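K.L.:
I'll drop the sequence and a predicted model, then ask my questions.
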Amino acid sequence: MESQLTDIARVIQLAVAPVFLLTAIATMINALNTRLGRIVDRRRVVLERAPAPEFGSAEDTRREIRLLERRSELVYYAIFCAVLSALLVCLVVAGAFLGALLGIGLARSVAALFIAAMLAMIAALGLFLREVYVAVRAGMHIQR
């Protein structure tokens, strides 16, 4: 019993780092969600102005709508990857506790889940970077 309690205390200590990681992932999801909301709002504005000739041609409107759709897809996939990463981190913590409680070696499984979580986070960050790039390039194009 004493050994199991020591193991659980150690797992709690090791679970602190993934909890901070979950906080970072949640912050990123919040930022992505904000960007998605702004894209949706911009799409509404563009669609409301579409019939008015003083705001550009119909082709300009279609081009901007396509750009906004592309940006929203990138943000959506980034959110998906970030949420997947968070779920995998939760499984890492659960696996560590289960391993300690049941006295079974789940080290390889926990390591594999952590690697998968990092890969999902890398994908989320890459998609986020791509969306920012698309938005900046579009902004530079519009200003010219």
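P.N.:
Yes, it's here.

K.L.:
whichever strand or helix holds residue 34: how far from the chain's middle?
P.N.:
Assigned by DSSP states H and E, residue 34 falls within helix 2-49. In terms of CA atoms, centre = their mean, to the nearest Å, the centre of helix 2-49 is set 8 Å apart from its chain centre.

K.L.:
any stretches of this protein with poor pLDDT?
P.N.:
Judged by pLDDT under 70, the chain has its weakly predicted residues at 1-5, 7-8, 51-56, 141-144.

K.L.:
at 80 instead, please
P.N.:
Applying pLDDT under 80 to the chain flags residues 1-16, 50-58, 100-101, 139-144.

K.L.:
which residues are in contact with stretch 71-83?
P.N.:
Here stretch 71-83 makes contact (CB atoms under 8 Å, 6 or more residues apart in numbering) with 25, 28-29, 32-33, 35-36, 39-40, 43, 120-121, 123-125, 127-128, 130-131, 134-135, 138. Heads up, the C-betas are built off the backbone N, CA and C, glycines and all.

K.L.:
name only those of these that count as buried.
P.N.:
Listed as buried from the contacts of stretch 71-83 are 25, 28-29, 32, 35-36, 39, 43, 120-121, 123-124, 127-128, 130-131, 135, 138; burial here means 16 or more other CB atoms under 10 Å.

K.L.:
cheers, nothing more for now.
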